[in-house]
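A.B. asks: Any chance you can model this:
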Amino acid sequence: MGDTLITVVAIALAAILMFVFPLMTMSDRTDDVSQLTIETATTEFVDDVRATGKLSMDKYSKFVENIASTGNSYDVEMEVKVLDENPGKKTTQAEATKIGENVYYSMYTSQILDSIDAKSGNQILALKEGDIFSANVKNTNTTLSQQLKNFFYSVTGNDTYSIAASHAGIVTANGTGK
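C.D. replies: Okay, the predicted model is just below:
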């Protein structure tokens with residue numbers, strides 16, 4: 001009877017070592033590839049907007065398609081900090097420069113998408129030099145790697161994400177409307 005129990009335990013351990021750990025390793029590698037893809041796509045998207053000074057629905061749609069190609073679903077958050085320059089001039093110095101600090105006001109994802117929507121008539125959001133554009137992406141679904149880790153380790157929670165990317169920068173070119 002004792003030998004039978006040891007044999008059953010040995011077979012169960014062998015099954016875990018032969019199937020579960022390789023599955024966990026492969027699912028972790030899949031998440032790593034998705035992470036790299038998301039980081040690269042986000043950086044290229046933000047840098048393209050910064051370099052051209054334009055954000056269009058076409059650029060945004062291509063970005064969303066690119067990140068969706070990993071097989072996961074993502075939450076994309078964008079923010080544009082628009083530079084609102086103070087037009088006041090100093091009169092006490094020989095060189096007329098602006099008074100005070102420049103002020104930024106923010107536009108968020110829903111406002112940005114409304115402004116580049118084809119229905120609004122304006123399909124390009126033109127940015128100017130000095131504006132700040134940022135994009136944050138994180139997965140909204142539970143990947144196989146997360147499911148396996150939840151099953152074996154109980155490490156991750158419901159609101160955590162394992163694939164995320166963020167990139168921001170100052171716009172270096174003035175975009176022209178339409």
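A.B. asks: What is the longest helix seen in the chain packed up against?
C.D. replies: Under DSSP state H, the helix in the chain containing the largest number of residues is helix 21-52. Judged by 3 or more C-beta pairs under 8 Å, 6 or more residues apart in numbering; DSSP states H and E, the packing partners of helix 21-52 are helix 57-68, strand 132-139, helix 144-152, strand 164-170. Just so you know, the C-beta spots here come from the backbone N, C-alpha and C atoms, and that holds for glycine as well.
A.B. asks: just these: most buried one?
C.D. replies: Comparing the helices and strands packed on helix 21-52 on average neighbours per residue, with mean count of other C-beta atoms under 10 Å, the densest one is strand 132-139 at a mean of 20.
A.B. asks: What strands line up against that one, and which way round?
C.D. replies: strand 74-84 (antiparallel), strand 164-170 (antiparallel) (DSSP bridges).
A.B. asks: now the angle from the worst-scoring helix or strand of the chain on mean pLDDT to helix 21-52?
C.D. replies: Ranking every helix and strand in the chain by mean pLDDT, DSSP states H and E puts helix 144-152 at the bottom, with a mean of 79. Relative orientation of helix 144-152 and helix 21-52, computed by axes from the mean of the first three to the mean of the last three C-alpha atoms, to 10 degrees: 140 degrees.
A.B. asks: In contact with Thr42, which residues?
C.D. replies: Contact partners of Thr42, counting by C-beta atoms under 8 Å, 6 or more residues apart in numbering, are Phe63, Ile67, Ala135, Val137, Ala165, Ser166, His167.
A.B. asks: distance of Leu83 from Ala135?
C.D. replies: Using C-beta to C-beta, to the nearest Å, Leu83 is found at 18 Å from Ala135.
A.B. asks: just Lys81 next, same as before
C.D. replies: Counting by C-beta to C-beta, the gap from Lys81 to Ala135 is 13 Å.
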